[in-house]
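Chemist: Sequence and predicted structure below; questions after.
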Amino acid sequence: MAKKIKDPGFGYNSRKNIKGIVNKDGSSNVIHINKKFNLDDMYTFFIELSWWKFFLLIIVGYTFLNIVFGFIYMAIGIEEITPSRGNFIDDFLNGFFFSAQTLTTVGYGGIAPQGVTANLIAAFEAMIGLLSFSFITGLLYGRFSRAKAAIHFSENLILRDFKEHRAIMFRLMNSRKTVMIEPEITVTLSINEKNLEGEYKREFYRLKLERDKIMYLPTVWTIVHEIDEKSPLFKYSDEEILNLEAKLYALIQYHEESFGQKVYQITSYDFQQLKSAVKYKRSFHFNEEGYTVLDHEKINEVEEMV
């Protein structure tokens with residue numbers, strides 16, 4: 001008899017075709033509303049931002065600051081830093097480029113503040129520049145030094161015959177060249193079904209795996225849940241499993257050599273990704289020198305059962 005577990009934080013209430021709470025890449029799929037802004041959240045925001053968005057934000061912020069101070073120098077009189085060229089565009093560009101030199105503390109010397117007002121503004125801008133680049137440097141260090149798992153999960157689940165029963169499987173590998181030390185995985189099954197009152201409810205089960213912990217992983221690990229008498233999926237036929245509104249949530253933890261500490265990664269699978277009567281292709285082989293060659297592109301490849 002399959003043993004249910006308590007709600008892991010997803011909630012029992014449900015509806016038909018409900019979306020998963022965790023995305024395939026492990027990010028949250030929860031929409032937050034009425035959330036109060038907290039300055040402490042800024043660090044998390046910038047750390048979690050993708051690299052291209054992070055650098056785009058820096059470029060946009062840097063350009064915006066220079067435009068603002070360029071207009072300020074125009075407002076106090078461009079003659080405060082350099083003789084006027086007689087037209088708006090040239091004078092603004094002089095203010096813009098002087099702002100860029102001040103903000104970055106480069107100071108080529110071609111343009112210099114003359115009056116007290118211009119010197120005060122330039123001094124204030126230089127302080128903003130020092131604080132901004134210190135902040136950016138700290139964020140860059142935090143992004144590079146943050147311990148993060150780099151696990152490549154297969155895109156599909158498979159349902160196939162296994163020993164005397166059937167089994168659901170997916171597999172994973174390390175995207176880095178390091179060896180995963182003591183990886184351990186927990187898989188939770190969420191089944192969405194209509195009860196006698198016509199309401200949709202979710203039930204949760206922690207799946208028993210063929211192996212949920214190994215000593216180290218240099219290549220590929222196939223995660224196997226055998227559908228035996230104790231499995232919550234035992235009562236369903238293959239066709240019913242393929243049409244089941246269910247999701248798998250997998251949490252893996254291991255010691256990452258690159259950072260010298262334990263890291264975590266989560267992923268999810270929808271049963272719509274389930275393929276039946278297939279098996280995974282071998283994703284590694286041995287070359288002529290006897291070395292093990294791991295092909296990362298083959299983690300998703302399957303073939304028909306024979």
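Modeler: Happy to help now that I have it.

Chemist: what sits against the closest residue to Ser175 other than its chain neighbours?
Modeler: Spatial nearest neighbour of Ser175, chain neighbours left out: Ala150 (4.1 Å); criterion: CB to CB, 6 or more residues apart in numbering. Quick note: C-beta positions are derived from backbone N, CA and C, even for glycine. Ala150 sits next to Asn174, Ser175, Arg176 when contact means CB atoms under 8 Å, 6 or more residues apart in numbering.

Chemist: how near is Ala150 to Glu301?
Modeler: 21 Å (CB to CB, to the nearest Å).

Chemist: Repeat that for Lys148.
Modeler: Lys148 is 27 Å from Glu301, where distance means CB to CB.

Chemist: Repeat that for Thr104.
Modeler: For Thr104, the distance to Glu301 (CB to CB) stands at 50 Å.

Chemist: does Lys24 really touch Ile266, like I thought?
Modeler: No: in this structure, Lys24 is not within contact of Ile266 by CB atoms under 8 Å, at 10.0 Å.

Chemist: For the two, work out which one has more neighbours and name it.
Modeler: Between Lys24 and Ile266, counted using other CB atoms under 10 Å, Ile266 has the larger neighbour count: 19 against 14.

Chemist: so who does the closest residue to the more buried one other than its chain neighbours touch?
Modeler: Distances taken as CB to CB, 6+ apart place Gly26 nearest to Ile266, at 4.4 Å, with adjacent residues excluded. If a contact means CB under 8 Å, 6+ apart, then Gly26 has Gln265, Ile266, Thr267 as its contacts.

Chemist: Would you reformat these as TSV and include pLDDT, distance to Ile191 and secondary structure?
Modeler: Listed next are the contacts of Gly26 as TSV, based on pLDDT from 0 to 100; distance: CB to CB, whole Å; DSSP: H, G, I helix; E, B strand; the rest coil:
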residue	pLDDT	distance to Ile191	secondary structure
Gln265	93	24	strand
Ile266	93	19	strand
Thr267	93	18	strand
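
Chemist: Turn these into TSV, including distance to Glu197.
Modeler: TSV is the format used below for the contacts of Gly26 (distance: CB to CB, whole Å):
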residue	distance to Glu197
Gln265	38
Ile266	32
Thr267	33
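
Chemist: Name the surrounding residues that touch stretch 31-45.
Modeler: Leu139, Gly142.

Chemist: Okay, now the sheet partners of the helix or strand hosting Val224, with direction.
Modeler: Assigned by DSSP states H and E, Val224 belongs to strand 220-227. If you go by DSSP bridges, strand 220-227 pairs up with strand 165-174 (antiparallel).

Chemist: where in the stretch 101-250 of the chain is pLDDT low?
Modeler: The stretch 101-250 of the chain contains residues with pLDDT under 70 at 196.

Chemist: Okay, strands next: where are they in it?
Modeler: Applying DSSP state E, counting those that start in this stretch to the stretch 101-250 of the chain gives strands spanning 151-153, 157-162, 165-174, 180-194, 200-206, 216-217, 220-227, 246-256.
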